[in-house]
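>>> I'll drop the sequence and a predicted model, then ask my questions.
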Amino acid sequence: MTINPQASPNGQPPGGTTPGKTAHSEPPHLERQLSNRHIQLIAIGGAIGTGLFMGSGKTISAAGPSVIFVYMIIGFMLFFVMRAMGELLLSNLNYKSFSDFAADLLGPWAGFFTGWTYWFCWVITGIADVIAIAGYSSELWPGLPLWIPGLATVAILLLLNLATVKAFGETEFWFALIKIIAIAALIIVGLFMIFTGFQSDAGAASFTNLYSHGGWFPNEFMGFVAGFQIAVFAFVGIELVGTTAAEAKNPERNLPKAINAIPVRVLLFYVGALVILMSVTPWTRFAAGHSPFIGMFSLAGLGAAATVVNLVVLTSAMSSANSGIYSTSRMVFGLAQEGDAPGVFSRLSSRKVPRNALFLSCVLLLSGVVLMYAGQDVGKAFEMVTTVSAVCFIFVWSIILASYISFRRRRPQLHAASKFKMPGGIPAVWAVFGFFGFVLWALTTQPDTLAALLVTPAWFLLLGVAWAVLRRRPAHLARFEVFRAELRADAAAAGGNNGAQDSETAAQKVTPGAHS
């Protein structure tokens, strides 16, 4: 493997090897052009999905006010996933993304499965975004053929991503800022309506609406469970900041800042917005398929609300598609460098952008334009695939946690030296695994998600067949031998460290004043 497992915490190989001089010819590498503000806003954009604007009506109608606790619990659990990812990425700055540390810590198979699964998740999400963008555009400009906004979206995002990685960061910065402004406007307008006792046909706007219509859990425990089944998909993309590791300036400072801000952002953007929505209008008035944001602004007498929120949702979907193009191209680039994807995708343009991998992502997104004109059966099948891809994100999050467990066992010296240790350690990892088990059970309680859950193993079966063929190649056999050698070296290093610590403890007992 190209990653040095014994790298020091700053990512340089031991022995002070100078950058650019490696044991073999150095592969093309990405450039660090994403500044702190880019990383911060990419993290926010990843945490605030389109689902908050359009899907929250369904979540509220299913769970009632208890949806507030649903979002808080999911955000709390995923914070541990992000902290585990952060500690691993910063333990070795040669890691480009989480598929790299999965391959390094769990074995080449894990890098292959994680990389291609994450690629699949974002391709499907991107296609869904292209379809959504076309739909919202037709509402804003009636009579516009659906293929025009679909094609225009892919072309614009391709041109922006082909320029430089900084252009991607800049685009994502403004897309995320629009989402933040929309949510902040909702909270400010909502608070004004509550404190002025705004009256509507649903009654007075008041915080008492949160518990005066059947209590906090009006649909009882199974309604609460249904909230998890819908809300977990709103957090898809929260790990996106992990794919920027190879292109972030000063990652030791910027990645921890972005990750540590996630709980505050979940509380402000998700919980804050939902509390305001259900205080202004009782939860019983919300329904699936209707945006609560449009409803509240319209109630406030802001006539242009529907148009404004449609534009916000449009930019939110554009942001998601932009993230999809970025993350899939970087993941395929990393896979190609390890021999897990065709070598043509490992090439960089003169601007240090994986051009061929970008073209692949955009060609696949164009299938969204074709799907819009397909029959109803194809549409239903695609909805199933979308749910499957969302379920696959849970697999990616689980691999991050499994890699952390392996890291703690194999590289205790790097964990001890880490300045960004995951809080809770191994017990927290097992608690999150238990939570993921609960979410998977929740998905079995609804017919549509149960069907998707039963279909999901087909993707992993396909990957398993591909890996069985690929792993027999000489290059992959050599990688596996390197991995086995690394396992032995890690075991020896861990044993040596333990022995050294034991010797030091013994010396302190024999010579009490030696270290004073």
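Sure thing, it's come through.
>>> Setting the sequence-adjacent residues aside, check what's closest to Val455.
With CB to CB, 6 or more residues apart in numbering as the criterion, Val455 has its nearest non-adjacent residue at 5.7 Å, and that residue is Val388. In short, each C-beta sits where N, CA and C put it, glycine included.
>>> Where does pLDDT dip in the stretch 401-516 of the chain?
Within the stretch 401-516 of the chain, the set of residues satisfying pLDDT under 70 comprises 483, 487, 490-491, 493-516.
>>> could you pull out the helices for it?
Secondary structure of the stretch 401-516 of the chain (DSSP state H, counting those that start in this stretch): helices at 412-417, 425-443, 447-455, 457-470, 474-510.
>>> List the buried residues for the first one?
The neighbour-count criterion (16 or more other CB atoms under 10 Å) identifies Pro412, Gln413, Leu414, His415 as the buried residues of helix 412-417.
>>> Please tell me I have it right and the last one contacts Arg408.
Yes - between His415 and Arg408 there is a contact under CB atoms under 8 Å: 5.7 Å.
>>> Specify the stretch among the helices of the stretch 401-516 of the chain that is closest to Gly107.
With CB to CB as the measure, helix 474-510 is the member of the helices of the stretch 401-516 of the chain nearest Gly107 (5.6 Å).
>>> show me where this protein has strands.
Using DSSP state E, the strands of the chain run over 199-200, 203-204.
>>> count of residues packed around the nearest residue to Ala63 once chain neighbours are set aside?
Distances taken as CB to CB, 6+ apart put Gly227 closest to Ala63, at 3.0 Å, once the chain neighbours are dropped. Counted with other CB atoms under 10 Å, residues neighbouring Gly227 total 27.
>>> and Gly227, what is it in contact with?
By CB atoms under 8 Å, 6 or more residues apart in numbering, the residues touching Gly227 are Thr59, Ala62, Ala63, Ser66, Val67, Val70.
>>> Out of those, which sit inside helices?
Counting by DSSP state H, the contacts of Gly227 place Thr59, Ala62, Ala63, Val67, Val70 in helices.
>>> Looking at those residues, which is nearest Ala152?
Nearest to Ala152 among those, counting by CB to CB, is Thr59 at 31.1 Å.
>>> my guess is that closest one contacts Ala231, does it?
Yes - between Thr59 and Ala231 a contact is recorded at 5.2 Å, counting by CB under 8 Å.
>>> Need the residues touching each of the two.
Common contacts of Thr59 and Ala231 (CB under 8 Å, 6+ apart): Val67, Val70.
>>> low pLDDT regions in the stretch 151-300 of the chain?
By pLDDT under 70, the weakly predicted segments of the stretch 151-300 of the chain are 245-248, 289-290.
>>> One more pass at 90, please.
For the stretch 151-300 of the chain, applying pLDDT under 90 flags the ranges 151-190, 192-274, 276-300.
>>> Break down it into its helices, ranges please.
165-195, 220-231, 251-260, 262-265, 273-280, 292-299.
>>> so what's the residue nearest to Val455 scoring on pLDDT?
With respect to pLDDT, Val388 has a value of 82.
>>> Report how many residues lie close to it.
By the criterion of other CB under 10 Å, Val388 has 22 neighbours.
>>> swap in Val465?
Around Val465 there are 10 residues (other CB under 10 Å).
>>> What separation is there between it and Phe112?
Separation of Val465 from Phe112 (CB to CB, to the nearest Å) stands at 12 Å.
>>> Over to Met82?
Distance, Met82 to Phe112, by CB to CB: 23 Å.
>>> Ok, Val225 next?
34 Å.
>>> Quick check on the two: which one has the bigger neighbour count.
Each of Val225 and Phe112 has its neighbours counted (other CB under 10 Å); Phe112 has more, 25 against 21.
>>> residue contacts, that one?
By CB under 8 Å, 6+ apart, the contact list for Phe112 reads Ala103, Leu335, Asp340, Leu463, Ala466, Trp467, Leu470.
>>> Only the buried members of those: can you turn that into a ChimeraX selection?
To isolate the buried ones among the contacts of Phe112 in ChimeraX, judged by 16+ other CB under 10 Å, type:
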select :103,335,340,463,467,470
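>>> so which of the contacts of Phe112 comes closest to Asn356?
Of all the contacts of Phe112, Leu335 has the smallest distance to Asn356: 12.5 Å, by CB to CB.
>>> For Leu210, which of the helices of the stretch 151-300 of the chain is the nearest?
Leu210 lies closest to helix 273-280 among the helices of the stretch 151-300 of the chain, at 5.7 Å (CB to CB).
>>> I'm done for today, thanks for sticking with me.
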